[in-house]
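Peer 1: Take a look and give me a structure for this.
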Amino acid sequence: YANNDIDRGHLVRRRDPVWGTRDVAEQANEDTFHYTVCGPQTATLNQSKTLWLGLEDYVLEHARTYGQTISVFSGCVFADDDPVYRGVAIPRRFFKIAAWQQDDVLAATGYVLDQSESLAPILERGVLARDIPPLGAYRTYQVPVADIADATDLAMPELTAADRLALVPGARPVEWRELEGADDLVW
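Peer 2: Next up is the predicted model:
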């Protein structure tokens, strides 16, 4: 991670799992600082306060406002054609799935972040993130949880069945919804 514009991006933001008893909260805080909970993200993506961080803030605020406990699953979406930088394949996409109880029923929503546009200049020309315009360098999509399961080869039948986006009338197949703000989210 030295001398380049690729960050060790936290896949789980430090403050998100810090709840529960003091011992549990302290352990959760410490657990966010392991390499297994980070991924190579462009500085533009990792340090931006636009859509991805905005989504994290929205989920956290939703939980606070409504007194909910929300479980968030996140990770890399690896692909055979991910670009290689300094001998390491860099994932172009990341996912996040939020799950909670709504009226005593499991509910879930899925999101994919694509860093392709902000990654390309770093790989091709060594351009630093500060040289990339802050808006439009990456996109966040609300997607069917089933699409995330398919792309990651992770089994998540309960989350797929609880997907709020899949409940939209005429939803299958569901088109990925590009998010420009919190008002675009389907809960």
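
Peer 1: The longest helix anywhere in the chain packs against which elements?
Peer 2: Ordering each helix of the chain by length in residues (DSSP state H) puts helix 51-66 first. For helix 51-66, the elements it packs on are strand 93-102, strand 105-114, strand 139-143, judged by 3 or more Cβ pairs under 8 Å, 6 or more residues apart in numbering; DSSP states H and E. To be clear about C-beta, it is placed using only N, CA and C from the backbone, and glycine gets the same treatment.

Peer 1: Output whichever strand or helix holds residue 29 in PDB with nothing but the alpha carbons.
Peer 2: Under the criterion of DSSP states H and E, residue 29 resides in helix 22-31. Listed next in PDB are the C-alpha coordinates belonging to helix 22-31 (Å, rounded to 0.1, in the frame of the first residue of the first chain):
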ATOM      1  CA  ARG A  22     -18.800  -2.800  26.800                       C
ATOM      2  CA  ASP A  23     -16.700  -6.000  26.300                       C
ATOM      3  CA  VAL A  24     -18.500  -6.900  23.100                       C
ATOM      4  CA  ALA A  25     -18.300  -3.300  21.700                       C
ATOM      5  CA  GLU A  26     -14.500  -3.100  22.500                       C
ATOM      6  CA  GLN A  27     -13.900  -6.400  20.800                       C
ATOM      7  CA  ALA A  28     -15.900  -5.400  17.800                       C
ATOM      8  CA  ASN A  29     -13.900  -2.200  17.500                       C
ATOM      9  CA  GLU A  30     -10.600  -4.100  17.600                       C
ATOM     10  CA  ASP A  31     -11.800  -6.600  15.100                       C
END
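
Peer 1: ok, residues contacting it?
Peer 2: Helix 22-31 has contacts (Cβ atoms under 8 Å, 6 or more residues apart in numbering) with 14, 17, 18, 19, 20, 37.

Peer 1: For residue 46, see how far away residue 79 is.
Peer 2: Using Cβ to Cβ, to the nearest Å, we find residue 79 at a distance of 20 Å from residue 46.
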